[in-house]
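Undergrad: The sequence and its predicted three-dimensional model are supplied below.
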Amino acid sequence: MKFMKSSELGLSAMYRILKKAGAARVSDESANELRRIIEELADGIAKSAVDMTSHAGRKTVKAEDVKLASKPFNKF
């Protein structure tokens, strides 16, 4: 039996993103895979932003923390 991990992002948003990118049709598997990848990237960015916040002696994550944390992921 395969258990699904709870997701923070809606699957319908993944279909819309793929459609906006020009896909004529979108498979369930592709939408699920896009969601998995985006959540993995977002988790890494969030953890890095929290580390930056802590290092700066703050408890509140600011937009600048997220921007700086996302720099290594800005390949596109």
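TA: Ah, there it is.

Undergrad: chain center to stretch 22-32, what's the gap?
TA: From the chain centre to the centre of stretch 22-32 is a distance of 18 Å (Cα atoms, centre = their mean, to the nearest Å).

Undergrad: what does it rub up against?
TA: 11, 14, 15, 18, 19 (Cβ atoms under 8 Å, 6 or more residues apart in numbering). C-beta coordinates here come from the backbone N, C-alpha and C atoms, glycine included.

Undergrad: mean confidence score for that stretch?
TA: For stretch 22-32, mean pLDDT is 97.

Undergrad: mind listing what's buried in it?
TA: Neighbour counts over stretch 22-32 (16 or more other Cβ atoms under 10 Å) mark 26, 31 as buried.

Undergrad: in stretch 55-70, what counts as buried?
TA: Of the residues in stretch 55-70, those buried (16+ other Cβ under 10 Å) are 65, 66, 69, 70.

Undergrad: which residues of the chain fall in helices?
TA: 11-20, 28-55, 63-70 (DSSP state H).

Undergrad: how far away is the closest residue to residue 52 other than its chain neighbours from residue 14?
TA: In space, and not counting its chain neighbours, residue 52 is closest to residue 65: 4.6 Å by Cβ to Cβ, 6 or more residues apart in numbering. Residue 65 sits 26 Å away from residue 14, taking Cβ to Cβ, to the nearest Å as the criterion.

Undergrad: Kindly report the same for residue 52.
TA: Separation of residue 52 from residue 14 (Cβ to Cβ): 28 Å.

Undergrad: neighbour count winner among these two?
TA: Higher neighbour count among residue 52 and residue 14: residue 14, with 22 against 17, using other Cβ atoms under 10 Å.

Undergrad: Contacts only, for that one.
TA: 26, 31, 32, 34, 35, 38 are the contacts of residue 14 under Cβ under 8 Å, 6+ apart.

Undergrad: Could you pull up the contacting residues of the closest residue in space to the last one that isn't next to it in sequence?
TA: What that stands for is residue 38. Using Cβ to Cβ, 6+ apart and skipping residues adjacent in sequence, the residue nearest residue 38 is residue 9, 6.3 Å away. Each residue near residue 9 by Cβ under 8 Å, 6+ apart is listed here: 35, 38, 39.
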